[in-house]
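Peer 1: Attaching a predicted model along with its sequence, questions to come.
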Amino acid sequence: MTTFVLVPGFWLGAWAWEDVARELRAAGHEVHAVTLPGLAERAGEAAAEEVDVETHIAHIVGLIEGADLRDVVLVGHSGANMPVTGAADRIPGRLARVVYVDTAPLPPGMAQIDFNDPEERAAIEKRVAEEGGGRLIPPPPFDPAADPHQLAGLDEAALALLRERATPQPVGTATQAPARPETVPDTPKTMIACTFPLPAVRQMIESGNPVFGMLAGPEWSFRELPTGHWPMLSRPADLAALLAEL
C-alpha cells in the first residue's frame, strides 16, 4: 500500500481526482485528494483573505503533518507544481516521491505567471483586472476549437464538468515565487509528460534550458501519457496505473 496526496492544478478542486482516487483505492492504496484554499468548495476563502503560494504550501504541509502521513507520494498537476515543490522542500523526510503531472518545478525566483510569454501574461493580467476584481484569474472557456492540444482526449461530459466546476484562481498563487533552499532535497521525482513528447523534454534538459534545468539530476525519472493537459479526466485509469507503478 502507498499513501498518495493528490494536488490539482489551477481552477480545480479535489473533485478532479475522483476517478483516479477511486482506481488507486480499489488497488489498496490510501489516497488524500486536496482542495487548496480559495478554490472549488473553498472558493469563498479567496475573498476573505489573501491566498498565495505560501498559503497553499502551508495547507499541503499541514495536511501531511496533521495526519502524520509518511512515505507519501506527493502528486501535483499543472500549476500545483509551485505549492507541491514548496511542500517537498520543507518536509522531505515524509515523502517517498514527488510526481509532476504535465508540469515541473520552476527555477528559484520564477513565478507561475513568468512561464507565459509577454503577450500571454498581458492577457492574463487584463482578465484579472477586468473580470477577476484584481484578485482572481478567471477559468479559461475550455473550448476545444480554440485549444485542441491542451484539451485532447476530453469528451463532452468532461468538458462540461470543467466548465461547471472550475473556479477562479487566486492571483497570488500565480505571481508569488516562494523562496527555495540552496540545496534542494534529493527526494525521487518523476515527471509524467502528457502534452509534450519526452524526447523534446530531454532535448531541452540537455540544451541547458533554464526552465528545464531543474530536471537534470539523478533523482529524476520520466514517464509519458499522451493525452491533453487534464489526464485525470481524459485517461484516469491509465494515470492511476502509472502512479501505482511508481
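Peer 2: All right, it came through fine. Everything quoted here is computed from the prediction, not taken from an experiment. Numbering: from 1, shown residues only.

Peer 1: who's in contact with Pro168?
Peer 2: Trp11, Ala43, Ala46, Gly132, Leu136, Ile137, Pro138, Pro139 (C-beta atoms under 8 Å, 6 or more residues apart in numbering). Just so you know, the C-beta spots here come from the backbone N, C-alpha and C atoms, and that holds for glycine as well.

Peer 1: What's the separation between the fourth one and Leu12?
Peer 2: Taking C-beta to C-beta, to the nearest Å as the measure, Gly132 and Leu12 are separated by 17 Å.

Peer 1: out of these two, which sits in the busier spot?
Peer 2: When neighbours are counted by other C-beta atoms under 10 Å, Leu12 comes out ahead of the other of Gly132 and Leu12, with 27 against 19.

Peer 1: mind checking which helix or strand the spatially closest residue to Phe212 that is not a sequence neighbour is in?
Peer 2: Among residues not flanking Phe212 along the chain, Met204 sits closest, at 4.2 Å (C-beta to C-beta, 6 or more residues apart in numbering). Remark: Met204 resides in helix 198-206, with elements defined by DSSP states H and E.

Peer 1: could you give me the average pLDDT of that helix?
Peer 2: The average of the pLDDT scores along helix 198-206 is 92.

Peer 1: next helix or strand past it?
Peer 2: Following helix 198-206 in sequence order, the next helix or strand is strand 220-224 (DSSP H and E).

Peer 1: Which strands border that following strand, and is each parallel or antiparallel?
Peer 2: Partner strands for strand 220-224, per DSSP bridges, with pairing direction: strand 189-193 (parallel).

Peer 1: any residues touching the lowest-mean-pLDDT helix or strand in the chain, and which ones?
Peer 2: The weakest-scoring helix or strand in the chain, judged by mean pLDDT, DSSP states H and E, is helix 45-48 (a mean of 80). With contact meaning C-beta under 8 Å, 6+ apart, helix 45-48 is reached by Pro37, Gly38, Leu39, Val51, Arg135, Leu136, Pro168, Pro170.

Peer 1: Compare those and tell me which has the most neighbours.
Peer 2: Pro170 (29 neighbours).

Peer 1: CA atoms only for stretch 238-246, dumped as PDB, please.
Peer 2: What follows is stretch 238-246, C-alpha atoms only, in PDB (Å, rounded to 0.1, in the frame of the first residue of the first chain):
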ATOM      1  CA  ASP A 238      -4.100   5.000 -17.100                       C
ATOM      2  CA  LEU A 239      -2.900   7.800 -14.900                       C
ATOM      3  CA  ALA A 240      -3.800   5.800 -11.800                       C
ATOM      4  CA  ALA A 241      -1.900   2.800 -13.100                       C
ATOM      5  CA  LEU A 242       1.200   4.900 -13.800                       C
ATOM      6  CA  LEU A 243       1.100   6.400 -10.300                       C
ATOM      7  CA  ALA A 244       0.600   2.900  -8.700                       C
ATOM      8  CA  GLU A 245       3.600   1.700 -10.800                       C
ATOM      9  CA  LEU A 246       5.800   4.500  -9.400                       C
END
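
Peer 1: Now Thr3. Its backbone dihedrals?
Peer 2: Backbone torsions for Thr3, taken as degrees, to the nearest 10, come to phi -100, psi 120.

Peer 1: likewise the one 4 residues further on?
Peer 2: Main-chain torsions, Val7, degrees, to the nearest 10: phi -120, psi 120.

Peer 1: Please name the residues that touch it.
Peer 2: Here Val7 is in contact with Val34, Leu36, Ile60, Leu74, Val75, Gly76, His77, Ala80, Pro83, Val84 (C-beta under 8 Å, 6+ apart).

Peer 1: and if we set it to 7 Å?
Peer 2: Val7 makes contact with Val34, Leu36, Ile60, Val75, Gly76, His77, Ala80, Pro83, Val84, according to C-beta atoms under 7 Å, 6 or more residues apart in numbering.
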